[in-house]
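> Fold the following, please.
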Amino acid sequence: ATEAATAMPAYKRERRNRIIEAALAALDEQDYEEIRINEVAQRAKVALGTLYRYFSSKEHLYAVALDQWLANISVDKPFPGQHPDERIRARVHAVIRAFEQRPQYFKLNVQLYGSKSPEVQPIRTSIASRAQRVLTRDFEGLGPDTSRDAATMLWAIIYTQLTSATYHHGNFAEAHRLADVYIDLLSDRLRRTSRG
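As a prediction, this is how the structure comes out:
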């Protein structure tokens, strides 16, 4: 989807981005289920038929919008810190804070996991694999298998805690705390391997 968007003429890219921005603005105000696609089109100042030329469904539009939002919040950028554990900690806390500020985005993320849409599934797969790849790279000093396992376990902790906080009146502070506990468990190993 991103390659196709890049190949578009500039005016079409601008219109597509306007639709995505309108979709995210609507999501800032209400949960995904409450959003009507014609309202997004009105916000973007495009006809409904025009919106559907860019996105085949509401699910497709919101999968692309979520992917763009996640890319912007930190997922694939380097984080400051002298040691790998400091960089991992900064990245993880940035992600938790982003969902804490916008829990409806986390709900959207969960809803899109269950999508059967052929346009949505590759986007969801791309989101998940990018997050896994980035965190695995952060843990790379532990070796290929251990770095993959460590990334998988940390994302599982974060996802479980975000689910609890978002859906079951849990506490986002607990997501931060448990992420720190897990990173602390690996901190010495990460620091030893980073020294070479």
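> do you know how far Thr125 is from Gln132?
11 Å (Cβ to Cβ, to the nearest Å). For every residue, glycine as well, the C-beta is placed using N, CA and C.
> swap in Ala5?
23 Å.
> Which residue is the nearest non-sequential neighbour of the most centrally placed residue in the chain?
The residue lying closest to the centre of the chain (Cα atoms, centre = their mean) is Leu70, at 3.5 Å. Distances taken as Cβ to Cβ, 6 or more residues apart in numbering put Ile127 closest to Leu70, at 6.1 Å, once the chain neighbours are dropped.
> Pull out the buried residues from the helix or strand harbouring Glu174.
For Glu174, the host element (DSSP states H and E) is helix 172-195. Neighbour-count burial for helix 172-195 flags Phe172, Ala175, His176, Ala179, Tyr182, Ile183, Leu186, Ser187, Arg189, Leu190, Thr193 (criterion: 16 or more other Cβ atoms under 10 Å).
> mind listing the helices for the chain?
For the chain, the helices defined by DSSP state H occupy 2-7, 10-29, 37-44, 48-54, 58-73, 84-101, 103-113, 120-138, 144-167, 172-195.
> which other residues reach the third one?
Yep, that's helix 37-44 we're talking about. 15, 18-19, 21-23, 25-26, 47-48, 50-51, 58, 61 (Cβ atoms under 8 Å, 6 or more residues apart in numbering).
> Since that was my last question, I'll sign off now.
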